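Enquirer: got a sequence here, can you model it:
(chains A and B)
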Number of protein chains: 2
Amino acid sequence: MRIGVLGTGMVGNTLATKLTELGHEVRMGARDAANEKAAEWAASAGGRAGTGTFADAADFAELVFNCTGGVVSLQALEQAGEDALRGKVLIDVANPLDFSRGMPPTLTVCNDDSLGEQIQRRFPETRVVKAFNTINHQVMVQPSLVPGEHDLFMCGNDEGAKAQVRELAESFGWPRERIVDLGDIQSARGMEMYLPLWLAFLRTFGTPNVNIRVAR
Amino acid sequence: MRIGVLGTGMVGNTLATKLTELGHEVRMGARDAANEKAAEWAASAGGRAGTGTFADAADFAELVFNCTGGVVSLQALEQAGEDALRGKVLIDVANPLDFSRGMPPTLTVCNDDSLGEQIQRRFPETRVVKAFNTINHQVMVQPSLVPGEHDLFMCGNDEGAKAQVRELAESFGWPRERIVDLGDIQSARGMEMYLPLWLAFLRTFGTPNVNIRVAR
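Expert: Residues are numbered from 1 along each chain as shown, chains lettered A, B, ... in the order given. Predicted coordinates:
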């Protein structure tokens, strides 16, 4: 599949690398087509890896990952372009965390709205799925880093889009029965507002390889 | 132990009943000493049960549960009185959920503050422990309602207070190794902001008997 990964940070890098390893054609998108981190990644990731602007990556792709920083995601997606994103599955991995006032970070949107919902409202013809935002980037593509059973959450308004995300997640190693569909995109609120608890787990247990499993 | 339970709703009722069953002397406190729900509870709960105002319950108690609605908790604790609460362990079970604009509810405080922190700041000589707020009231006192292993979270600034809460939780049936201390009272943010995700679990799985287990 042709996949666009928007964002050149650790999350984008880890996902883009895994996706090329799985045989996908990946374009990593950045604000600037000459982004050095993207170029470094592409140089090490082999023939299926390419780089470009956000718009280049979105144009190229059948499916797009939003791995930009949550506080700049809407701006980055604006640059990717409504036309380039139309009809496509957009997996929103970002968390709107503001670290500018130190630790702990706060969320720039929460409670009666979420980044996932903002993106879906701004790009109504894009099939937004919130997923992978509740775990460390390495755990996203290697769930076995966390011992025992634990869950991957997703939500979104488009069932077909969620089926594609489920398939991708399975290819990353997530067992089908541990992928939890929380319904429509409004559940992005809960998935994003979980972050402060996740950060408390990090402080308490001293490892980013931590996740939760729903018992019921 | 002499325990005050502030609040006459389902949470207060369930906790107060369990506490009397365990042999504690319990005073259920309400705004009005003649509160009918408190009187009904006391009539069915036997000789170790009593009722009174918030102040009566706090005066009587060695340890206090805040089971009032989160949006009125500070007001209720004001009525309980700073002197009556001084030096005592206060287990804050409340969530500051505002249902006035329909479902889903929003939090009246979150992100850079929490109800647990507000209470601790207002009553600095009270030993506040946030606990039990991440699960349904029946699960609080009967953890086996949720199948498998799952965790009870708590946080607070006073180690001795947390040790007392741990002991009480064990008497409710929580295994010691499933009681997770998340550090100081600031972690109340994460514990309260988890509620929207918990509500998504309720919608998804159709049962209030749902909880999470930390995998790490």
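
Enquirer: identify each buried residue in stretch A:19-36, please.
Expert: Buried positions in stretch A:19-36, judged by neighbour count with 16 or more other C-beta atoms under 10 Å in any protein chain shown: A:19-20, A:24-30, A:35. Glycine gets a C-beta too; all of them are placed from N, C-alpha and C.

Enquirer: which of those sits closest to B:Ala161?
Expert: Closest approach to B:Ala161 among those (C-beta to C-beta): A:Leu19, at 48.6 Å.

Enquirer: surely the closest one meets A:Val5?
Expert: Yes - counting by C-beta atoms under 8 Å, A:Leu19 does reach A:Val5; the two are 7.1 Å apart.

Enquirer: so who does A:Gln79 touch?
Expert: A:31, A:53-55 (C-beta atoms under 8 Å, 6 or more residues apart in numbering or on different chains).

Enquirer: residue nearest the middle of chain A, spatially speaking?
Expert: A:Val93 (2.1 Å; C-alpha atoms, centre = their mean).

Enquirer: hang on, it packs against A:Gly69?
Expert: No - shown here, A:Val93 and A:Gly69 do not form a contact pair, counting by C-beta under 8 Å, at 10.8 Å.

Enquirer: now do A:Gly9, the pLDDT please.
Expert: A:Gly9 is assigned 98 on the pLDDT scale.

Enquirer: should've said A:Arg127
Expert: Note on A:Arg127: pLDDT of 98.

Enquirer: just give me the neighbour total for it.
Expert: 23 (other C-beta atoms under 10 Å in any protein chain shown).

Enquirer: mind listing what it touches?
Expert: A:87-90, A:156-158, A:160-161.

Enquirer: in contact with A:Asn148, which residues are there?
Expert: That one is not Asn; residue A:148 is Gly. By C-beta under 8 Å, 6+ apart, A:Gly148 lies in contact with A:213, B:215.

Enquirer: all helices for chain A, in order.
Expert: A:10-21, A:36-45, A:54-60, A:73-80, A:82-85, A:115-122, A:137-141, A:159-171, A:188-193, A:195-205 (DSSP state H).

Enquirer: of the buried residues of stretch A:19-36, which is the nearest to chain B?
Expert: Within the buried residues of stretch A:19-36, proximity to chain B (C-beta to the nearest C-beta) peaks at A:Leu19, which comes in at 24.8 Å.

Enquirer: beta partners for the residue nearest to the closest one when sequence neighbours are not counted?
Expert: Counting by C-beta to C-beta, 6 or more residues apart in numbering or on different chains, the nearest residue to A:Leu19 once its immediate chain neighbours are dropped is A:Val26, at 4.9 Å. A:Val26 forms beta bridges with A:Ile3, A:Ala49, as assigned by DSSP bridges.
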